[in-house]
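Student: Sequence and predicted model, in that order:
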Amino acid sequence: MRLFEAIVDANHRALDGDDRAGVRPSDFTGSLPIVVLTCFDPRLHPLMPEVIGVTEADFVWVTNAGNVVTNPLSSTARSLALACAIHDGKELAVVGHTDCRFFQPSRFFLPGRLKSRDFNLGAGESYLEDFLRKCVNEDDNVRLAVQNLRSSPLIDRSIPIHGLIVDTESGRLEWLVNGYDEPDAAPPNQEPLPPPGAPMEDDFKIGGGLPPIGSG
């Protein structure tokens, strides 16, 4: 059993009541340390790295809003590449979580914005949120992040890149992408590094503002 397979197995057994469940890091020294990207949601603070089950010395934790990686050369991809290079990370995982507020804009943003214009969605609010969640959700976001990292020229192709999701209520981990099952070779259309001096795209562009309600 490989490291992250052992991590998920131990997590499931512990939640099923096995008080002997756990990961023995000494069995996986060739796979440590690991680099993990999660959302910065404070609900994850008591879960990570306990859910992963490795010692603090072997756990490099990187966070951003929604554990988003927008493209292979984004600022988050660069941060993860540096984390692997500086800390000699052997495996990389993107761990999303349930009930991620980054993917619930209608609950946290739209009601207040519409209310300020004396407009009430009423029952339509739940339909709007359901529509938005079908467009972008926690699981698909993790899969896209893994895809972008796997095609990044900044990350060593020998590093397995996994995608998982953790339930913020129970702490249960589930597989979305098992990086051990993915081919090691870079895809033919892997993006090349930009020429020296070229601007690097960040994950989010701040300052453009939001269009007014009803525009477009």
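Tutor: Yep, that arrived.
Student: which residues in the protein form helices?
Tutor: Using DSSP state H, the helices of the chain run over residues 3-15, 75-87, 105-108, 110-115, 124-135, 138-150.
Student: Any buried residues in the first one, and which?
Tutor: Of the residues in helix 3-15, those with enough neighbours to count as buried (16 or more other C-beta atoms under 10 Å) are L3, F4, A6, I7, V8, A10, N11, A14. C-beta: built from backbone N, CA, C; applies to glycine.
Student: Same question for the last one.
Tutor: By 16+ other C-beta under 10 Å, the buried positions in helix 138-150 come out as E138, N141, V142, L144, A145, V146, Q147, N148, L149, R150.
Student: what's next to it, contact-wise?
Tutor: The list of residues contacting helix 138-150 from outside it, by C-beta atoms under 8 Å, 6 or more residues apart in numbering, reads 37, 66-72, 74, 77, 80, 92, 94-98, 100, 103, 155, 161-165, 176-177, 179, 182, 187.
Student: PyMOL command to pick out the buried ones of those residues?
Tutor: Here is the PyMOL command that selects the buried residues among the contacts of helix 138-150 (16+ other C-beta under 10 Å):
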select buried, resi 37+66+67+68+69+70+71+72+74+77+80+92+94+95+96+97+100+103+155+161+162+163+164+165+176+177+179
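Student: rewinding a little: between the buried residues of helix 138-150, which is closest to D88?
Tutor: In terms of C-beta to C-beta, no member of the buried residues of helix 138-150 lies closer to D88 than L149, at 17.3 Å.
Student: Quick check: closest non-adjacent residue to the closest one.
Tutor: The shortest distance from L149 to any non-neighbouring residue, by C-beta to C-beta, 6 or more residues apart in numbering, is to I161 (5.1 Å).
Student: check contacts around the one you found.
Tutor: Taking C-beta under 8 Å, 6+ apart, we find I161 in contact with E91, L92, A93, V94, V146, L149, R150, I155, V177, G179, E182.
Student: Where does pLDDT dip in the protein?
Tutor: 105-115, 119-121, 125, 128-135, 183-216 (pLDDT under 70).
Student: 50 instead, please
Tutor: 185-191, 204-216 (pLDDT under 50).
Student: quick one, strands of it?
Tutor: Assigned by DSSP state E, the strands in the chain fall at 34-39, 59-64, 91-97, 161-166, 173-177.
Student: Now do the second one: distance to the chain's middle.
Tutor: This means strand 59-64. 10 Å (C-alpha atoms, centre = their mean, to the nearest Å).
Student: how far off strand 34-39 does that strand point, in degrees?
Tutor: Between strand 59-64 and strand 34-39, the angle comes out at 30 degrees (axes from the mean of the first three to the mean of the last three C-alpha atoms, to 10 degrees).
Student: Equivalent analysis for the longest one, please.
Tutor: With the same axes, to 10 degrees applied, the angle from strand 91-97 to strand 34-39 works out at 20 degrees.
Student: so what does strand 91-97 touch, helix or strand wise?
Tutor: helix 3-15, strand 34-39, helix 138-150, strand 161-166 (3 or more C-beta pairs under 8 Å, 6 or more residues apart in numbering; DSSP states H and E).
Student: Distance check, V142 against E56.
Tutor: When C-beta to C-beta, to the nearest Å is applied, the distance between V142 and E56 equals 24 Å.
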